[in-house]
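Novice: build me a structure from this.
(4 chains, ligands or ions: 6)
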Amino acid sequence: MKKLINAPDDVVTEALHGMAAAHPDLLTVHFDPTYVIRADGVPDGKVALLSGGGSGHEPMHNGFVGQGMLDGACPGEVFTSPTPDQMQAATEALDAGAGVLHIVKNYTGDVMNFEMAAELAEASEVEVQSVVVNDDVAVEDSTYTAGRRGVGGTVLIEKICGAAADRGHTLDEVADLARRCNAEVRSMGMALTSCTVPTAGEPTFDLGEDEMEIGIGIHGEPGRQRMAVEPADQVVERLMEPILSDLPFKDGDDVLLFVNSMGGTPLIEVYLAYRKAQEIAEQHGLRVVRNLVGPYITSLEMAGLSITMLRMDDDLVDLWDAPVHTPALRWGV
Amino acid sequence: MKKLINAPDDVVTEALHGMAAAHPDLLTVHFDPTYVIRADGVPDGKVALLSGGGSGHEPMHNGFVGQGMLDGACPGEVFTSPTPDQMQAATEALDAGAGVLHIVKNYTGDVMNFEMAAELAEASEVEVQSVVVNDDVAVEDSTYTAGRRGVGGTVLIEKICGAAADRGHTLDEVADLARRCNAEVRSMGMALTSCTVPTAGEPTFDLGEDEMEIGIGIHGEPGRQRMAVEPADQVVERLMEPILSDLPFKDGDDVLLFVNSMGGTPLIEVYLAYRKAQEIAEQHGLRVVRNLVGPYITSLEMAGLSITMLRMDDDLVDLWDAPVHTPALRWGV
Amino acid sequence: MPVTAADLRAWIRAFAAQVAEERAYLTKLDSAIGDGDHGQNLNRGLSHAAEGLDNGNDDLPATMKSVAMAMISKTGGASGPLYGTFFMDAGKAVGERPSLDVAGVAELFRAGLSGVQRRGKAEPGDKTMVDALLPAVEALETAAENGEALPTALRNAKAAAEEGMKATTPLQARKGRASYLGERSKGHQDPGATSSYYLVAAAADTFGSSA
Amino acid sequence: MPVTAADLRAWIRAFAAQVAEERAYLTKLDSAIGDGDHGQNLNRGLSHAAEGLDNGNDDLPATMKSVAMAMISKTGGASGPLYGTFFMDAGKAVGERPSLDVAGVAELFRAGLSGVQRRGKAEPGDKTMVDALLPAVEALETAAENGEALPTALRNAKAAAEEGMKATTPLQARKGRASYLGERSKGHQDPGATSSYYLVAAAADTFGSSA
Ligand SMILES: Nc1ncnc2c1ncn2[C@@H]1O[C@H](COP(=O)(O)OP(=O)(O)O)[C@@H](O)[C@H]1O
Ligand SMILES: Nc1ncnc2c1ncn2[C@@H]1O[C@H](COP(=O)(O)OP(=O)(O)O)[C@@H](O)[C@H]1O
Ligand SMILES: [Mg+2]
Ligand SMILES: [Mg+2]
Ligand SMILES: [Mg+2]
Ligand SMILES: [Mg+2]
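Specialist: Ligands and ions are numbered 1, 2, ... in the order given. Below is the predicted model of the structure:
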C-alpha cells in the first residue's frame, strides 16, 4: 500500500484537520462526535441540509458544505457509515427552526445509522426528513438486493436542494424536490484498478493488467462484470447504455451530464470520456444543458469513471445555476 | 498501461474536444494549429496572457483559460512542448492591441519553442513579452543544469497576472509582476508512483512498492533522490524544508500555501498533507493568508504531491482574490 | 451457575478479543464480497465497548446498554446499528433480573436476533449474521425446553452457529453490500455471519466455563 | 557524384524510416533520463517532413526549408526547435547551389550544428545531440581538406557520430531535461545524440551510395 498517510487509523481525522485549516471561512469541524458544519451558521428559518457517509469519497460530502449546498456533513471512517450520535449532534447544531433534511445514500449501513439518528431526533423535537438516494443502475433494484446504491446523483441533489433551501423552501418542499430529482437521475460506474482501504492495507479486489470492472460502487465493491479493458469510447458506451434505457431518457429531454473520476483517473481522461458521453447523449436526441466534469465522488485512488445523468427542467436549471460557495463547488459568489 | 483512452496518438485531441464540448461558454478550441482561447474574446486594449506546454498536466493550462486568468493556452502532445506555429497563431488571435505576455515554464523545449514564436511575432508586429517561470527548488540552479523547472508557481502567477491584466495593467507591468512573483515563489514535488506516457505505453520510471522519489518534475522525470516511503508528515517536512530555506521565507512573512496532487493522489491525502504543511509554515512564523488545495498541475496519473509557497503582500492578496472564471478556478463571478 | 453481569462482561471481552485477533480475517472476508472494513469496524466498536465495561456495575441491562451504545456510536457501517440493536434489545429483554439461566440466555439471544431482524429486515438464507444467530438461538431454546445445563446448551449453540456460518458460503446475498454482487457473492463466507459466530462462541467459552 | 536535392530527400526519408523503426528504443532511452517522448516526437516531426517531400522540387534550400518547417511545427519538445534550426540553417548555408560536393556537405552539417548550438547553447560534453554531430562535422571537414571522396567522407562521419553517441553514456548531462538528474544521468546513452547519429548514418547510407 502506497499512500501519503501517517497511521491508517488517523487518516480521516488528519484529513479533517487539513480541511479545517484550509477552509476556516467555510467549514467548522467538530470532533467527538465528528461532524462538519458551515462556518457562517445556518440562516434563521432556513431548512438545513445534512448528509454523510463513509470517508474516502472526497470532495463528497465535506467539500460540499457551505452556502447554497450542504449545511453539514458527517464523515465516517473510510468507506464506513458514520454513526447516529454524529448525525444527532450535527442535526441539533444545524436546526435553525425549519428542520433538517438528511440526504442518505442507499447503503444498508448509511440507511440504518441515519434511521437511528432520526429516531433520536424525534426525542429531541427537531423536525427531520430523510431522503434516500439510489441512482446506480448497476444494481438490480429488486427484493434480492439491498436496492440500488446512491452514487453520483447525490452530488447533484445536494446542489439543487441546497439552492432550494437557500430560497426559503420548506422542509417538505426540499424533501420532495430531492425525491423528484432522485427519480430523474441515473448513474453507472467502472474501475480500471481497485482502491486500498488504509486500515486493510491491501487492494479490495485484484484486477489483471488487462481487466476492468463494470458496474462498481464507490467503496471498492466489485462490479457486476469483469472483462477485458476496452477503448474509452466503448467503455463510455457501456456506461451510457443502461443509464439511457433505465429511466428511460427520451428524445428531446434536457439533461445535466456529469462525468466523474473515481479518484485515480486524471482529468485528461475524464474530458476524453466526456466528449464521447456528450456525443452519445446528443445522438440519443438529448440536449446537454448543463454538465459537471471532474473528481467529485471518488473512491480513494481507484482509477475509473462514473457517468450520471439527471433529467432537467427550467426549475432545476435555475436551481443548479444558483450561487454556491463550498470548497469543491463554487459559482455565483 | 491502463488508461481510459482510445488510440494513444489521439489522447490530446480527444480530450480537447471534450473540453470544448464541456465549456463552450468559456473556451474555444482551434485545431491545426492547436490552441485554446477564451470564448468571449479578449477585451479591447487588455493585455492578453498566453501560456502553454505539454499536455498531461490538466487542468493546467487549458483549464485556466477564461476571465481573470489566461486568455489562451497552447497544449502540446503529452509532456511535449507545443510548437511555435501554435503559439504564433494564438498570439495573433489574442492580441487586443495591448500585446501578449507569454508565460513559459522553464524547460528547454518550452523555452526554445516560445523563443521561436516570439521571433515570429516580431515579424508580425504584435508586441510580445516572455516570462520564464522557474520555481522548482529540487533542481540546482547552476550552469550545470538547464536551470530550475517551472512547476506549481505557474498556476499562481497565471491567476495573479490574469487579475492584473484585467485591471488594465500594461504589458510591461504585467510582465514585471510575473517576474516579481516568480522571484517570490518556490516549489518541491515527490512521487509515490510513476506516470505512463500514453504513446510510450510503459511507466517512465519504476518505483518499488516501498520506494518514493523526492524532487520529481511534472513529466515523470525521475527526482533527485529515491528512498523508502515515509509517513506523510515526514514527506511534507522533506518538501517544506528546501522551500523554506531557499527563498528564504522569514518569520512574519505572509504566504500563499498551495498543496497539489500530482494526479493519482486522492483529495483525502492532499488535505492530510495540507494539515502538516500549514503546521510547519506556522511553526516557521509564517502567516498562511491564502491557500489552494487539490489537483491543479498534475503529471497524468502519477501519485504524489507538490508544495508551492508564494510570499504575499497586500497587492498580491488583492489580485489573488479578484474574480476568476475558468473551468478549473472560479470565484467572484 | 447462572449468568451474572460479570459473566456478560467477560463475554463481551472475549468477543472483543476474538474479533481483535481475527480482524484481518474478517476484513479479508469483507473485501471479497463487501468493502473490506468489517474487521476494523467491529474491532473499533468492541474495543470501546470493552473499555466501557471497566467501570461496570452489576446491573445486567445497564451492562448491555453500555455495550449497545458503544457499538452504535463507534462501529459505523452496517454492523454498528445491527450489533448495537442486538445488545440494546437483548438488554431490554433480560430486564432487571440479577442473573440468567438457560432460558434467560435463550431469551437474551432471541431478543438480540429480533433486534437485528427488525433493524436489518434480513430473512434466514439472505447471507447475513442472521444465518449464524438464528441456529444458535434455536439451539438455546431447544436446550432450555429439554432442561439442558448451560454448558451443554451453549456448546450446542456454538456448534449450530458455526454450521450456520459455514452454510452462508454457497448462498447468494440478498441483503447488505454483498447483494450488489448477485451471483458473484456465491462461494464466499459472509463476514457478518462469521463475527456472529464469534459472538456465540465467546458466550459458550465464558458462560459455559463459569457455569 | 555530387549530392542533389533528390539525394537530400532520400536522406530525410532514410532518417525518418530509421527513427520510425527505432522509435520505441529512442523513447526508452528518453524514459531513463528524460520524459519518454523523444521517439514519438521525432517520429511525428519526421513523418510530416517526409510527407512534405512528396511534392518536392529540385531546389536544395527549399527542400531543407520544408523539412525545417515540418520539424518545427510538428515535433515539439526540445528536439523540434533543435532539429528545425539544424535544417533551417543548413538550408541557408547551402544557398542556391544545384548540388554539393564533400566540402558542401561539410558546410551543410557545420551550419546545422551551429544552428543547434545557437538555439540550445550546448557545449560538447553536455550530453546532447551536439556530442554526436560535432565529431561527424569534424570528420567531414577533415575529409574535405584531404580531398576524400564522398562515400569515404561520410563513412568516417558516421563512425565518428557513432563514437560520439556512445561516449555520451558516462557523461553527466548539463543541458536539457536529463540535467535535472545530476549524477544520476550518468550511465545512460543520450537519446538526442542517438537520433543525431541516425541523421548522420542516414546521410552516409544515401549520399554514400548515390556517389
Ligand atoms: N440487512 C442486514 N441484516 C443483517 N445483517 C446484515 C445486513 N446487511 C449487512 N449485514 C451484515 O453486515 C456485514 C457487513 O458489515 P460491515 O462490513 O461492518 O458493514 P458495511 O457493509 O457497511 O461495510 C455483512 O457481512 C452482513 O452479515
Ligand atoms: N540545449 C540543448 N542543446 C542540444 N540538445 C539538447 C538540448 N536540450 C536537450 N537536447 C537534446 O534533446 C533530447 C531530448 O529531446 P526530446 O525528448 O524530444 O525533448 P524533451 O526533452 O523536451 O522531451 C536530449 O536527449 C538532448 O540530446
Ligand atoms: Mg463499510
Ligand atoms: Mg518532452
Ligand atoms: Mg464492510
Ligand atoms: Mg523527451
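
Novice: wait, does stretch A:200-212 contact ligand 5?
Specialist: No - if you take C-beta under 5 Å from the ion as the test, stretch A:200-212 misses ligand 5, and the best it gets is 9.8 Å. Just so you know, the C-beta spots here come from the backbone N, C-alpha and C atoms, and that holds for glycine as well.

Novice: how about that stretch: buried residues?
Specialist: Within stretch A:200-212, the residues that qualify as buried by neighbour count (16 or more other C-beta atoms under 10 Å in any protein chain shown) are A:200, A:203-205, A:207, A:212.

Novice: for stretch C:32-52, same thing?
Specialist: Neighbour count says stretch C:32-52 has C:32-50, C:52 buried, by 16+ other C-beta under 10 Å.

Novice: quick revisit: format the buried residues of stretch A:200-212 as TSV; extra columns: distance to residue C:195.
Specialist: Shown next, in TSV, are those (distance: C-beta to C-beta, whole Å):
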residue	distance to residue C:195
A:200	16
A:203	23
A:204	18
A:205	21
A:207	28
A:212	32
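
Novice: got CSV for those, with pLDDT, distance to residue A:322 and secondary structure too?
Specialist: What follows is the buried residues of stretch A:200-212, written out as CSV (pLDDT from 0 to 100; distance: C-beta to C-beta, whole Å; DSSP: H, G, I helix; E, B strand; the rest coil):
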residue, pLDDT, distance to residue A:322, secondary structure
A:200, 88, 40, coil
A:203, 92, 40, strand
A:204, 87, 37, coil
A:205, 88, 40, coil
A:207, 92, 40, coil
A:212, 97, 37, strand
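
Novice: near chain B, list only the ones from these.
Specialist: Among these, the residues within reach of chain B (C-beta under 8 Å from any C-beta of the partner chain) are residue A:212.

Novice: and residue A:29, what helix or strand is that in?
Specialist: Residue A:29 belongs to strand A:27-30 when assigned by DSSP states H and E.

Novice: next helix or strand past that strand?
Specialist: strand A:35-38.

Novice: how about the next helix or strand after that following strand, does it reach chain B?
Specialist: Under the assignment DSSP H and E, the closest C-terminal helix or strand after strand A:35-38 is strand A:48-55. Yes - counting by C-beta under 8 Å from any C-beta, chain B is contacted by strand A:48-55 at residue A:55.

Novice: which strands and helices sit next to strand A:48-55?
Specialist: Identification of packing neighbours for strand A:48-55 by 3 or more C-beta pairs under 8 Å, 6 or more residues apart in numbering or on different chains; DSSP states H and E yields helix A:11-22, strand A:72-78, helix A:84-94, strand A:100-105, helix A:108-124, helix A:153-166.

Novice: for residue B:55, see how far away the residue in the stretch 151-300 of chain A that ligand 2 sits nearest to is.
Specialist: Scanning the stretch 151-300 of chain A for proximity to ligand 2 using C-beta to the nearest ligand atom identifies residue A:268 as nearest, at 17.6 Å. Distance of residue A:268 to residue B:55, given as C-beta to C-beta, to the nearest Å: 6 Å.

Novice: over to residue A:87?
Specialist: The value you get for residue A:87 to residue B:55, if C-beta to C-beta is used, is 44 Å.

Novice: got it, and residue C:102?
Specialist: Counting by C-beta to C-beta - residue C:102 and residue B:55 are separated by 73 Å.

Novice: near chain A, which residues of chain C are found?
Specialist: Neighbours of chain A within chain C, by C-beta under 8 Å from any C-beta: C:27, C:31, C:33-37, C:40-41, C:44, C:72-82, C:84, C:119-120, C:172, C:174-177, C:179-182, C:184.

Novice: inside helices: which ones of those residues?
Specialist: C:27, C:31, C:33, C:40-41, C:44, C:72-74, C:79-82, C:84, C:119-120 (DSSP state H).

Novice: quick one on the thing from earlier: to residue A:185, which of the helices and strands packed on strand A:48-55 lies closest?
Specialist: Closest of these to residue A:185 is helix A:153-166, at 3.7 Å (criterion: C-beta to C-beta).

Novice: show the subsequent helix or strand relative to the closest one.
Specialist: Under the assignment DSSP H and E, the closest C-terminal helix or strand after helix A:153-166 is helix A:171-183.

Novice: so what touches that following helix?
Specialist: A:47, A:49, A:98-101, A:103, A:127, A:129, A:131-135, A:153, A:156-157, A:160-161, A:164-165, A:169, A:310, A:316, A:319 (C-beta atoms under 8 Å, 6 or more residues apart in numbering or on different chains).

Novice: now do the helices in chain C.
Specialist: With DSSP H as the criterion, chain C has helices spanning C:5-33, C:38-52, C:60-74, C:79-94, C:102-120, C:130-145, C:150-166, C:191-210.

Novice: mean pLDDT and distance to chain D added to those helices, as a markdown table?
Specialist: Compiled in a markdown table, the helices of chain C are given as follows (pLDDT from 0 to 100; distance: least, C-beta to the nearest C-beta, whole Å):
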| stretch | mean pLDDT | distance to chain D |
| --- | --- | --- |
| helix C:5-33 | 95 | 34 |
| helix C:38-52 | 95 | 39 |
| helix C:60-74 | 92 | 48 |
| helix C:79-94 | 95 | 47 |
| helix C:102-120 | 97 | 52 |
| helix C:130-145 | 98 | 53 |
| helix C:150-166 | 97 | 51 |
| helix C:191-210 | 91 | 43 |
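
Novice: could you dump the ones you listed into JSON lines and include distance to residue A:77?
Specialist: Converted to JSON lines, these look like this (distance: least, C-beta to C-beta, whole Å):
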{"stretch": "helix C:5-33", "distance to residue A:77": "12"}
{"stretch": "helix C:38-52", "distance to residue A:77": "7"}
{"stretch": "helix C:60-74", "distance to residue A:77": "10"}
{"stretch": "helix C:79-94", "distance to residue A:77": "10"}
{"stretch": "helix C:102-120", "distance to residue A:77": "20"}
{"stretch": "helix C:130-145", "distance to residue A:77": "24"}
{"stretch": "helix C:150-166", "distance to residue A:77": "25"}
{"stretch": "helix C:191-210", "distance to residue A:77": "16"}
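
Novice: coming back round to it: what touches both of residue A:268 and residue B:55?
Specialist: Contact criterion C-beta under 8 Å, 6+ apart; residues shared by residue A:268 and residue B:55: B:11-12, B:15, B:78.

Novice: between these, which is closest to residue D:141?
Specialist: So of the shared contacts of residue A:268 and residue B:55, ranked by how close each gets to residue D:141 (C-beta to C-beta), first place is residue B:78, at 39.7 Å.

Novice: need the contact list for that closest one.
Specialist: Contacts of residue B:78 (C-beta under 8 Å, 6+ apart): A:268, B:11-12, B:54-56, B:197-199, B:300, D:37.

Novice: let's have those residues in a markdown table, adding distance to ligand 1 and pLDDT.
Specialist: Shown next, in a markdown table, are the contacts of residue B:78 (distance: C-beta to the nearest ligand atom, whole Å; pLDDT from 0 to 100):
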| residue | distance to ligand 1 | pLDDT |
| --- | --- | --- |
| A:268 | 33 | 98 |
| B:11 | 37 | 98 |
| B:12 | 40 | 98 |
| B:54 | 42 | 96 |
| B:55 | 39 | 97 |
| B:56 | 36 | 98 |
| B:197 | 38 | 93 |
| B:198 | 36 | 95 |
| B:199 | 41 | 90 |
| B:300 | 32 | 97 |
| D:37 | 44 | 91 |
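
Novice: so how many other residues sit close to the residue in chain A that ligand 6 sits nearest to?
Specialist: Nearest residue of chain A to ligand 6: residue A:268, at 18.1 Å (C-beta to the ion). Residue A:268 has 31 neighbouring residues, counting by other C-beta atoms under 10 Å in any protein chain shown.

Novice: what do you get for residue C:31?
Specialist: 27.

Novice: which SS class is the residue nearest to residue A:110 when sequence neighbours are not counted?
Specialist: Using C-beta to C-beta, 6 or more residues apart in numbering or on different chains and skipping the chain neighbours, the partner closest in space to residue A:110 is residue A:81 (4.5 Å). With DSSP: H, G, I helix; E, B strand; the rest coil as the basis, residue A:81 sits in coil.
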